[in-house]
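[1] kindly generate the corresponding structure for this input.
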Amino acid sequence: MFDYVFDPEKWEEFYDNFSSNEHAYKNDIKILREYIDSKKYLEILREYENTVMFPVPRLIMLSKKGTDKKRTVFSFDENVSWILKFYGFFLHEYDGIFSDNLYSFRKERSVKSAINRLINVKNLSQMYGVKLDIHDYFNSADTDIIIKKVKEVLEGQDKLVALFENILRNPGYISECRKFDLSDYDESSKETDSCFIQDNRCGLINDVVHKGMMAGSPLSPFLANLYLDELDKHFDSFNGSYGFYARYSDDIIFFTETKEELETEMDYVNQVLSKIKLTLNPDKVCFINPGEQFEFLGFTYRYEDSENSSRNQLKMVIDVSKASFEKIKKKLKRKSRAVLRWKVRKQIDAEKAARVYIKYFNRKFFENPVKSELTWCRWYFPVITTDTTLREIDHYMQECIRFLYTGKHTKRNYHLRYETIKELGYRSLVNEYHKNDGG
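    Predicted coordinates for the structure are as follows:
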């Protein structure tokens, strides 16, 4: 597989896949086309063969807004990154080695695949469950264990294994140095809730850092799937007559028929994690008693009685998760304040400011032809079975729009009628959801 990179036909295969992805940026497609035509990848590979040292990445520290938590990600130079994305694409040839219960970063598996399987588990409402989250999964993984697993899976692919080892064992990195600037803040970017932290070692090649699976790099998805493969295989038998297990990267959920079985399996999980030097995030371990509401992969699942439900098979209702709801509320609030500042600074009239705000969220919720973004209507509508949270979001957004007119939260805001808000271009999530026949 290493030599794929020297085959022009393989690059065309990679290009066809990348350009056909509806979420790909048009400019990125253009850049890739030029990159392939100019064969820039050969320069990088020649340098690698001559120096036996692959270029080091930039290290970027991201801080979650409103928290003290920081996240480390790695980013390679664009010319280098295309090579790693190329290999990342062809590593899907190994998708078949993974268990059916793994749903992350695979062509034939997805979040929706996991949800569909989950909601069809017989007697799930009578089972005991637990939702787990691995602490700092990508960056705390042990390099020696990663390399060992890569060698086992990529047996005979010596050059490709050597490339993995070169990248993962080299502790060098270049510090990224970017200050967060509100004027450049783009809530629609992939780092919506993050800001960059100043690093006074900016631009220097540093020599000590544990890279783990190198979160943010094009190879990390494959490594993330591989590292917990032993755990996935143990639970293979669960997705049948007596339980359920699913993993999406570091998010894990499983159910058993009895509480004793759950405790036994939890002991096994902790043994495996200890062996590969990982730990659970205790704040995100959530035990689920029979019939209790739970959250997984951005959705809330709860049970309700219905005319067709028996004691052993209650009706499952799926809604937007509380975490996702709180996240979108924060976005709505931040954006309203940012637009209000812009309105005051530029002396923009209230109607124009409201239209700008509404247009921004119409793109996020319903369509984004410029960025081909995965919108709410495409992500949530086909899965949820209730409009409860959508109603709350609608109400909150209307409050934010009224706030743009007055700059305050007062009863006067209700002088702006709902009909007027609609005339500004506002589209209700609830209405749009039911227009699509409830998803």
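[2] just the helices in the stretch 251-400 of the chain please.
    259-275, 322-346, 350-365, 376-379, 388-406 (DSSP state H, counting those that start in this stretch).
[3] wait, which of those helices is closest to residue 3?
    Closest approach to residue 3 among the helices of the stretch 251-400 of the chain (Cβ to Cβ): helix 259-275, 34.6 Å. All C-beta atoms are positioned from the backbone trio N, CA, C, and that covers glycine.
[4] now do that closest one: which elements does it pack against?
    strand 128-133, helix 229-234, strand 251-256 (3 or more Cβ pairs under 8 Å, 6 or more residues apart in numbering; DSSP states H and E).
[5] using CSV, lay out those together with mean neighbour count.
    Putting those into CSV (neighbours: other Cβ atoms under 10 Å) gives the following:
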stretch, mean neighbour count
strand 128-133, 19
helix 229-234, 17
strand 251-256, 23
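[6] quick one, which of those is nearest to residue 118?
    Here strand 251-256 is closest among the helices and strands packed on helix 259-275 (Cβ to Cβ), at 7.7 Å.
[7] show the average pLDDT along the closest one.
    Averaging pLDDT along strand 251-256 gives 95.
[8] cool, and stretch 378-389?
    92.
[9] list the contacts of residue 77.
    Residue 77 makes contact with 55, 58, according to Cβ atoms under 8 Å, 6 or more residues apart in numbering.
[10] from residue 247, how far off is it?
    Separation of residue 77 from residue 247 (Cβ to Cβ, to the nearest Å) stands at 32 Å.
[11] how deep is the closest residue to residue 425 other than its chain neighbours tucked in, by neighbour count?
    Leaving aside its sequence neighbours, residue 425 sits nearest to residue 358 (Cβ to Cβ, 6 or more residues apart in numbering; 4.8 Å). Number of residues near residue 358 (other Cβ atoms under 10 Å) recorded here: 21.
[12] which ones are touching residue 358?
    Applying Cβ under 8 Å, 6+ apart, the residues near residue 358 are 401, 421, 424, 425, 426.
[13] likewise for residue 36?
    So residue 36 contacts 8, 11, 12, 15 (Cβ under 8 Å, 6+ apart).
[14] reformat those residues as CSV; add pLDDT and secondary structure.
    Output for these, formatted as CSV (pLDDT from 0 to 100; DSSP: H, G, I helix; E, B strand; the rest coil):
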residue, pLDDT, secondary structure
8, 95, helix
11, 96, helix
12, 97, helix
15, 96, helix
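[15] helices and strands of this structure: which one bottoms out on pLDDT?
    Sorted by mean pLDDT, DSSP states H and E, the helices and strands of the chain end with strand 194-196, the least confident at a mean of 33.
[16] pLDDT below threshold where in the stretch 1-150 of the chain?
    Regions of the stretch 1-150 of the chain meeting the criterion pLDDT under 70 cover residues 64-68.
[17] all helices for it, in order.
    8-20, 26-38, 40-51, 78-90, 111-119, 137-140, 143-153.
[18] so which of those helices is nearest residue 256?
    Here helix 111-119 is closest among those (Cβ to Cβ), at 14.4 Å.
[19] between strand 251-256 and that closest one, find me the angle.
    20 degrees (axes from the mean of the first three to the mean of the last three Cα atoms, to 10 degrees).
[20] residues in contact with helix 111-119?
    103, 124, 239, 244, 246, 248, 253, 296-299, 301, 316, 318, 382-383.
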